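>>> sequence plus the predicted model coming up.
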Amino acid sequence: MKNLLLMLPLLVASCASTSPGSVPIAPDGPVSRTIERVLQRTEAYMEMESPPLPLPDEARGQIEAAIMTVRVMTALPEVSGDLLLVTMSGIIGLHDTMIQMDPALDQLEREIYLEDSARLVSLFESVDIRASVAITN
């Protein structure tokens, strides 16, 4: 919880100005919809009575805090790709693991769901501020 409280002011400060490493987030745009699909799938797995991968309470709390932080970030008009990548890395890792371990999914469903997270990682990495600064120098 302490980390969450410290992260919110940093998020607002980092997202307040446009930078080369920012991801534009439209409320109903493709980025926000893809992020929300990954978040909702992760939450659905966490709420299952018998999830494919049981989570300890501490890990559950960290993932829930990260999900809440991402939702705050996506309410902004743009956000740092680096911050999204760092904040969502645990969520995406859990999402992909649960998808891989879910016996109810067929191979096509797995590939579709995993593509969402792969697309997000690719987007966040492509707007990496360090790479953007290196290109302009």
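Right, received. Where do you want to start? Numbers count the residues shown, from 1 in each chain.
>>> please count neighbours and contacts with C-alpha atoms only from this point.
Noted.
>>> what about this structure, any weak spots by pLDDT?
Low-confidence segments of the chain (pLDDT under 70): 1-20, 128-137.
>>> for it, which segments count as strands?
22-24, 78-80 (DSSP state E).
>>> to residue 104, which of the ones you listed lies closest?
Closest to residue 104 of these is strand 22-24 (C-alpha to C-alpha; 33.8 Å).
>>> I'd like to know which elements the closest one is packed against.
strand 78-80 (3 or more C-alpha pairs under 8 Å, 6 or more residues apart in numbering; DSSP states H and E).
>>> what count of nearby residues applies to residue 73?
The number of residues packed near residue 73 is 21, by other C-alpha atoms under 10 Å.
>>> can you tell me which of the strands of the chain is most buried?
Of all the strands of the chain, strand 78-80 carries the top mean neighbour count, a mean of 23, counting by mean count of other C-alpha atoms under 10 Å.
>>> strand partners of that one, parallel vs antiparallel please.
When pairing is defined by DSSP bridges, strand 78-80 lines up against strand 22-24 (antiparallel).
>>> any chance of the strands of the chain in JSON lines, plus distance to residue 115?
Listed next are the strands of the chain as JSON lines, based on distance: least, C-alpha to C-alpha, whole Å:
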{"stretch": "strand 22-24", "distance to residue 115": "19"}
{"stretch": "strand 78-80", "distance to residue 115": "21"}
